[in-house]
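In: Here you go, sequence then predicted model.
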Amino acid sequence: MVKRFIMPTIWLLMLMMPGLTAHASELTVEPDRTRLYEGEVLTLTVKGTTEIDINLSNLFDFDISSLPSPDIEKVSSDFEILGRNQQYSIRTINGDMVGEITWTYQLSPRSTGEIVIPALSFKDSISRPVTIEVVDGNPPEQANANRDVFIELSADKAEVYVQEQLILTVRLFFRGNLIRGELSDPQHPNAIIESLGKQRELSSDRNGVRYRVVERRYALFPQKPGSLNLPAIRFEGQTRDPDGSLRFLRDSAELFEIPVKDVPADFSGSTWLPATSLSLAEAGMPPTLNLKTGDNLTRTLSLQANGLPSEALPPLPDSVPDGLRSYPEEPQRNTSVGPDGITSTLTQTRALVPVQAGKLVLPAIRVPWWDTESNSEKVAVIPAQTLNVTTADGAAIPSVSSTDSQNTATEIDRELEATDMSAGPENSRFWQWASIVLAVIWVLTLLAWWRTRRIPPRAPDNTGSAGAETEDAVFEQLLDAAQEGRASTPGLLVRWANLRWPGHNLRSAKDIFAVCPAADLAQELDRLQAHLFSRNHSGGERSNKTWDGSAMTDALKKARKKAGNTPSEAGLPPLYPGNLSV
């Protein structure tokens, strides 16, 4: 009903208004503020008027975009024009239809200091120049309270060692509803930067103003000593005002300079490990350390560090005494992130099989590291342990195999002689017969062992049982690991060599090259170790070169061919280890 009365009135007014000529008026330029900080966005409002000729012939063809606009391009040398908006209204002045047009521009200053917005012109109207002061740096907190968006940066430490973890917190404060927004991530060519999980969203009050906050946390690991200067963190976004107009938001902030200290001269370790905590753990060892020959012992060593990525953890020593066969598995590295930083773990598991009775000593494991909280060197230790190994039938050998069986028999004879001197005639005769029986048993055992040495070795079973490990399969795994440069390559090399040349009890690459000399393979293995674990002392930076394993795979194939196309006929391992005399 209301529309029926309004529409005829509008048509009547239009019929009564003839086309008029241009009407000159003042052009006004109003910035939202005359002082702003670098990175902020200035809102510039320009208002002007113009006569509008609207009649029945052009009523439906009228387009607001066809209206002229001020020569805003004059400010392009000093400001980046991020956005522009245009609104108009029509009113009647002295019988003339006059359009009032408002242009809104979002301007980002290109430099600091005093910048003059020159006089703008619109038709016959000219505005007055306006001076804007752009201040270098970040606004203080009091100034932040009056802004629509701002960034705050903070770090958990004022200085760090090279490769030490630095926690960077980035907080974005904004008001209103963001239509879009982009917050940059920290970057630096001489630092490893890891995001610590997903961003948090919360709210905060600053001087009575309610802000929405986006918080992100990062772990930074500077790789070179000196000073760490991060590029500015920047934000760009858009918000919509209550009147429906779009407004650009922009801000940037820089972190203070972080001094990065070099590795202390008094650090005794070979691998620099700055951490808040580091520990060694062991699992799988029997509580009493009592074993029998042939038992399968699975020993697991774990190195855990807070404040270091898992790639920085060095491999643990793998030396074992003679009398133990070692079968290592591929090391497992794991890194977990949280709001307080990075926690990493290196786990090494190996199967240990005692093949020699006696007391076998597992050497102590020591890992020096630098405690960044106490600023001092500490050492994580797993003490040395002695395994008491008996033969499978339960007969214990009281000492390490340094005493052979002949010396043992001589020692027994001496004991018997001492017993004979202190005993009576009957006891003396009894011990004489006992000595003869023991000597006969010893001779029979020696003959039985000699016969087993003369029996030819059994031919290998080509069919294999279900789940048996073949030399060809392990060699294929070794080739794949060498081609990709994986840390499991040395362990796979030992496994393959024991299958290729059984009976040699190979425990390391040194043992392999003693059986089958291969200078080119040894050189490629050293190159792989350097690629995986070497770090220079001053910076600790790992090599960024991509691993090319073609040379190592060629050396492996050459070594295998050099030893023959079939596995060595060394036969099965001997019934008794070579260093245990009988």
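Out: Nice, I can see it. Numbers count the residues shown, from 1 in each chain.

In: Would you mind measuring from the residue nearest to residue 238 when sequence neighbours are not counted to residue 503?
Out: In this structure, residue 238 finds its nearest non-sequential neighbour in residue 179, 4.6 Å apart by CB to CB, 6 or more residues apart in numbering. Glycine gets a C-beta too; all of them are placed from N, C-alpha and C. Separation of residue 179 from residue 503 (CB to CB, to the nearest Å): 75 Å.

In: of these two, who's got more company?
Out: Residue environment comparison for residue 179 versus residue 503 gives the larger neighbour count to residue 503, 15 against 12, counting by other CB atoms under 10 Å.

In: Next, work out how far apart the residue positioned nearest the centre of the chain and residue 331 are.
Out: When the chain is reduced to its mean C-alpha position, the closest residue under CA atoms, centre = their mean turns out to be residue 309, at 5.1 Å. Between residue 309 and residue 331 the computed distance is 15 Å (CB to CB).

In: Please, which helix or strand holds residue 305?
Out: For residue 305, the host element (DSSP states H and E) is strand 297-306.

In: Centre of the chain to that strand, how far?
Out: Mean C-alpha position of strand 297-306 versus that of the full chain (CA atoms, centre = their mean, to the nearest Å) differs by 20 Å.

In: Against which helices or strands is it packed?
Out: If contacts are counted by 3 or more CB pairs under 8 Å, 6 or more residues apart in numbering; DSSP states H and E, strand 297-306 sits against strand 277-283, strand 341-354, strand 365-371.

In: Indicate which one of those strands is closest to residue 254.
Out: Among the helices and strands packed on strand 297-306, strand 341-354 comes nearest to residue 254, with 22.6 Å by CB to CB.

In: low pLDDT regions in the stretch 451-582 of the chain?
Out: Along the stretch 451-582 of the chain, segments meeting pLDDT under 70 span 451-468, 532-545, 563-582.

In: Touching, the residue nearest to residue 238 and residue 237? I think so.
Out: Yes - counting by CB atoms under 8 Å, residue 237 is a contact partner of residue 179 at 7.5 Å.

In: so what's the residue nearest to residue 238 scoring on pLDDT?
Out: With respect to pLDDT, residue 179 scores 85.

In: residues in contact with the helix or strand where it lies?
Out: According to DSSP H and E, residue 179 maps onto strand 178-183. The list of residues contacting strand 178-183 from outside it, by CB atoms under 8 Å, 6 or more residues apart in numbering, reads 151, 170, 172, 174, 214, 216, 233-240, 246, 249.

In: now, among the residues you listed, which is nearest to residue 547?
Out: Closest to residue 547 out of these is residue 216 (33.0 Å), distances taken as CB to CB.

In: my read: residue 477 touches residue 493, true?
Out: No - distance between residue 477 and residue 493: 10.4 Å, which falls outside the contact criterion (CB under 8 Å).

In: Please say which of the two ends up with more neighbours.
Out: A side-by-side neighbour count of residue 477 and residue 493, using other CB under 10 Å, places residue 493 first with 24 against 18.

In: Checking that one next. Helix, strand or coil?
Out: helix (DSSP: H, G, I helix; E, B strand; the rest coil).

In: Identify the residues contacting the residue nearest to the centre of the chain.
Out: Contacts of residue 309 were listed using CB under 8 Å, 6+ apart, and they are 192, 194, 221, 335, 342, 344.

In: mind running it again at 7 Å?
Out: For residue 309, the contact set (CB atoms under 7 Å, 6 or more residues apart in numbering) comprises 335, 342, 344.

In: Count residues in the vicinity of the last one, would you?
Out: The burial metric for residue 344, expressed as a neighbour count using other CB under 10 Å, is 22.

In: can you pull out the helices in the stretch 201-350 of the chain?
Out: Ranges of helices in the stretch 201-350 of the chain, per DSSP state H, counting those that start in this stretch: none exist.

In: same thing with the stretch 451-582 of the chain?
Out: When secondary structure is read from DSSP H, counting those that start in this stretch, the stretch 451-582 of the chain shows helices at 471-484, 489-500, 509-515, 519-533, 550-562.

In: What's the per-residue pLDDT of the closest residue to residue 307 other than its chain neighbours here?
Out: The shortest distance from residue 307 to any residue that is not its chain neighbour, by CB to CB, 6+ apart, is 4.0 Å, and that residue is residue 165. If you check residue 165, the pLDDT there is 97.

In: what's the spacing between residue 165 and residue 309?
Out: For residue 165, the distance to residue 309 equals 9 Å [CB to CB].

In: Mind listing the shared neighbours of the two?
Out: Counting by CB under 7 Å, 6+ apart, the common neighbours of residue 165 and residue 309 are residue 342.

In: quick one, domains of this protein?
Out: Per automatic domain parsing, the structural domains of the chain span 2-110, 141-261, 276-390, 405-454, 471-562.

In: Where among these is average confidence lowest?
Out: Of all the domains of the chain, mean pLDDT reaches its minimum on domain 405-454 (a mean of 59).

In: Hmm, residue 331 and residue 491 touching each other?
Out: No - applying CB atoms under 7 Å as the test, residue 491 and residue 331 come out as separate, 8.4 Å apart.

In: what's the closest of the contacts of residue 309 to residue 41?
Out: The shortest separation between residue 41 and any of the contacts of residue 309 is 36.3 Å, and it belongs to residue 342 (by CB to CB).

In: Look up which residues are beta-bridged to the closest one.
Out: Beta-bridge partners of residue 342, counted by DSSP bridges, are residue 337.

In: give the contact list for residue 352.
Out: Shown here is residue 352, whose contacts under the criterion CB under 7 Å, 6+ apart are 297, 299, 320, 324, 326.
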